[in-house]
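Participant: Got a predicted structure plus its sequence, pasted below:
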Amino acid sequence: MDGIPLSRQETVDAAVWQALLDAADKAVVVHDGRRLVRVVSRRAAELFPDLRPGVELAGVAGFTGSEQNEVETTCQGVPWRWIPTRLDEDHVAWQGDSAEPDEPWCEKCAQARFLVNSSRLLGSSLRRDQTLRSIVQLAVPTLADCCAVVLPAKRGRVEWWRYSRGGDTEHGRMGQHVLRSVTSLAEAFSGSATKPLPGRPVPGARLDWLLEPDFGDPASVVVVPLRHEGLDAGALVLASNDSRDEQLDVVRDYAGRAAAALSSAHSFSEQARATEALESSLLPSPLPEVPGIVWSACYRPAHSGIRVGGDFYDVYPDSDGRALFLLGDVCGNGVEAATLAGRIRHTVEALRLVETEPTKLLHLLNRAILTSSDNRFATLVVGVLERLDSGAVRVRLASGGHPSPLVLRASGVVEEIAVPGTLVGVLPDPHFSEAIVTLSAGDVCLLYSDGVTEARGGSDGREQYGAHRLTEALGDGAGMPAADLTRHVELRLDDWLAGRDHDDVALLALQAI
């Protein structure tokens, strides 16, 4: 229909387009912008029954949901290659063809190709849920008409995942009685078996974890132990409408690969949970409520892959209305710097119970860092605030080699509070000075790390942001609440960086009210 204006083309309904795709005998799948399947050709539906209009593309037929380019899947041991074509802003069509159309087919070759492609697809994700979904989906229909995985869960329960030909992937948890619903399942689940075992449903037992309601009585059931390093005992259950005894070797091999993939995903999940817990312990604590003060902060580590860095801040309120606060910067960035930053925060939290004078606290912290095995140092501003009878807030500041705090008066004037001092954790006899500033209602004291002033940007990406731009940005935010002010400074910094890399950045603002 090239050359015919769209306004002059006769439109047809969806049924005609579906019939056209079916007649072409091509495997075609169309999904929308939400990655929901909208159109499936007859050929695609025969090969991959899980591809149906309305389902999410992610997790079916080997798709993960994030593909932009060519994708390979497998069907009955034969690899398939899918090539995407964007139809419009909201729809993408995938056309599938056999990746090995010219090779002669034989049972052993097909089984080998199935196992190779299964290993590749099972190893494509380290997410535990995605791996379990792939295990049950890849086994159908090559190894069985229905596949289930049964794994130990907490509090004496078991976890199950199931996929049937033409159905959906489902999962849930049940009591230990599920192990008595199929013969040989308890033996395989406990880890005492080492090879595939024939099984059969126990009459009257609950089987909704394994079979669809209309599945009927399976002609064969095979139960296979799932065992690998780091993986608790579990079982793979395969149910079919016909006998597949000739595939037992392939079933055993597939179960081994599935167990290895699941073990890797389990290990990765445990490491991810441990990393998240450690990161959470190093992140700044939520800002507390202190009478007469509104707090606001900004925290942005240099590396986007982790949530922590060498910059840190903390606020410790006392019951008498006073509060100790600090902002610091450890030499370097990344995990190593974050580790020392966390150690400094915990040390200060302990030391403040016996010492709250800012200068004396810095001396104690300096000794603690020197006695540690870490050769890194830090810069730090420590402050103590108290509410005066007049309603103003008096702030005592001590610094160890850190950029000078800034005060934004309610009138719009910006003042630099010079507090010189040596680096913390370098010299056994350091010098720390102290300054006192009084904040009236609306005044803001801003502590910041050198990741702000040393951020490189501008026209050539080499010029530093500098203290003068920070002072200007702060002055332009006169009259703003503390939260809006730190956000205003952060946005100015973003404009300067224009997406470039940056060092750790931290801001801590306290506003008298």
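Facilitator: Perfect, I can see it now. Numbers count the residues shown, from 1 in each chain.
Participant: all contacts plus neighbour counts: C-alpha atoms, from now on.
Facilitator: Fine.
Participant: Can you report phi and psi for the nearest residue to Asp443 once chain neighbours are set aside?
Facilitator: Leaving aside its chain neighbours, Asp443 sits nearest to Arg409 (4.5 Å; criterion: Cα to Cα, 6 or more residues apart in numbering). Arg409 has phi and psi values of phi -80, psi 160 when expressed as degrees, to the nearest 10.
Participant: to the chain's geometric centre, what's the distance from stretch 26-42?
Facilitator: Its chain's C-alpha centre and that of stretch 26-42 lie 28 Å apart, by Cα atoms, centre = their mean, to the nearest Å.
Participant: what about it, start to end distance?
Facilitator: Terminal residues of stretch 26-42 lie 8 Å apart, using Cα to Cα, to the nearest Å.
Participant: in it, what's buried?
Facilitator: For stretch 26-42, burial by neighbour count (16 or more other Cα atoms under 10 Å) applies to 26-32, 35-42.
Participant: What of stretch 116-132?
Facilitator: The neighbour-count check on stretch 116-132 (16+ other Cα under 10 Å) flags 116-119, 121-123, 125-128, 130-132 as buried.
Participant: Show residues contacting that stretch.
Facilitator: If you take Cα atoms under 8 Å, 6 or more residues apart in numbering as the criterion, stretch 116-132 is touched by 59, 62, 73-74, 77, 79, 134-135, 138, 149, 161, 254, 257-258, 261-262, 264-266, 268-269.
Participant: among those residues, which are in strands?
Facilitator: Thr73, Thr74, Pro79, Val149, Trp161 (DSSP state E).
Participant: if we can go back for a sec, tell me which entries of the buried residues of stretch 26-42 lie within helices.
Facilitator: In helices, judged by DSSP state H, the following of these are found: Arg42.
Participant: Least confident of the buried residues of stretch 26-42?
Facilitator: Lowest in pLDDT among those is Lys26, which has 77.
Participant: so who does that one touch?
Facilitator: If you count contacts by Cα under 8 Å, 6+ apart, Lys26 has them with Ser41, Arg42, Arg43, Ala44, Gln95, Gly96, Asp97.
Participant: returning to that earlier point: tell me who's in contact with the residue nearest to Asp443.
Facilitator: The neighbours of Arg409, taking Cα under 8 Å, 6+ apart as the test, are Glu415, Leu439, Gly442, Asp443, Val444, Ala478.
Participant: I'd like those as CSV, with pLDDT and secondary structure appended.
Facilitator: Listed next are those as CSV, based on pLDDT from 0 to 100; DSSP: H, G, I helix; E, B strand; the rest coil:
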residue, pLDDT, secondary structure
Glu415, 97, strand
Leu439, 97, strand
Gly442, 96, coil
Asp443, 97, coil
Val444, 98, strand
Ala478, 95, coil
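Participant: Looking at those, which is nearest Arg173?
Facilitator: Among the contacts of Arg409, Val444 lies closest to Arg173 (Cα to Cα), at 54.2 Å.
Participant: Kindly indicate whether the residue nearest to that closest one when sequence neighbours are not counted is helix, strand or coil.
Facilitator: The shortest distance from Val444 to any non-neighbouring residue, by Cα to Cα, 6+ apart, is to Gln511 (4.3 Å). Recorded secondary structure, Gln511: strand (DSSP: H, G, I helix; E, B strand; the rest coil).
Participant: Quick check: Glu349 is in a strand.
Facilitator: No - counting by three-state DSSP, Glu349 is not part of a strand but helix.
Participant: Any idea what the closest residue to it other than its chain neighbours is bridged to?
Facilitator: Leaving aside its chain neighbours, Glu349 sits nearest to Tyr316 (7.9 Å; criterion: Cα to Cα, 6+ apart). Beta bridges link Tyr316 to Leu324 when assigned by DSSP bridges.
Participant: what's the spacing between Tyr316 and Arg352?
Facilitator: According to Cα to Cα, Tyr316 and Arg352 sit 9 Å apart.
Participant: which of the two has more neighbours?
Facilitator: Neighbour totals were compared for Tyr316 and Arg352, and Tyr316 leads with 18 against 14 (other Cα atoms under 10 Å).
Participant: So that one is in contact with Arg345, correct?
Facilitator: No - with contact defined as Cα atoms under 8 Å, Tyr316 does not reach Arg345; the gap is 10.8 Å.
Participant: Of the ones in strands among the contacts of stretch 116-132, which is the nearest to Gly461?
Facilitator: Minimum distance to Gly461 across those is 44.4 Å, recorded for Thr73 (Cα to Cα).
Participant: Surely the closest one is in contact with Pro79?
Facilitator: Yes - the criterion here is Cα under 8 Å, and Thr73 meets it with Pro79 at 5.6 Å.
Participant: picking that back up, adding distance to Arg52, write the contacts of Arg409 out as CSV.
Facilitator: Shown next, in CSV, are these (distance: Cα to Cα, whole Å):
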residue, distance to Arg52
Glu415, 66
Leu439, 66
Gly442, 61
Asp443, 62
Val444, 59
Ala478, 58
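Participant: Of those residues - the most surrounded one?
Facilitator: Val444 leads those on contacts (other Cα under 10 Å) with 29 neighbours.
Participant: Quick one: residues contacting that residue.
Facilitator: Val444 sits next to Val407, Leu408, Arg409, Ala410, Ala482, Ala509, Leu510, Gln511, Ala512 when contact means Cα under 8 Å, 6+ apart.
Participant: how does it look with 6 Å?
Facilitator: By Cα atoms under 6 Å, 6 or more residues apart in numbering, Val444 lies in contact with Val407, Leu408, Leu510, Gln511.
Participant: go on, Ser404?
Facilitator: Ile417, Ala418.
Participant: For the top helix by length along the chain, buried residues please.
Facilitator: Counting by DSSP H, the longest helix found in the chain is helix 248-282. Residues of helix 248-282 classed as buried: 248, 250-252, 254-267, 279, 282 (neighbour count, 16+ other Cα under 10 Å).
Participant: next one: stretch 324-340
Facilitator: Across stretch 324-340, burial judged by 16+ other Cα under 10 Å covers 324-335, 337-340.
Participant: quick revisit: could you take the buried residues of stretch 116-132 and lay them out as CSV, with extra columns for pLDDT and secondary structure?
Facilitator: Formatted as CSV, the buried residues of stretch 116-132 follow (pLDDT from 0 to 100; three-state DSSP):
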residue, pLDDT, secondary structure
Val116, 86, helix
Asn117, 84, helix
Ser118, 88, helix
Ser119, 87, helix
Leu121, 85, helix
Leu122, 88, helix
Gly123, 82, coil
Ser125, 82, coil
Leu126, 85, coil
Arg127, 87, coil
Arg128, 89, helix
Gln130, 90, helix
Thr131, 92, helix
Leu132, 93, helix
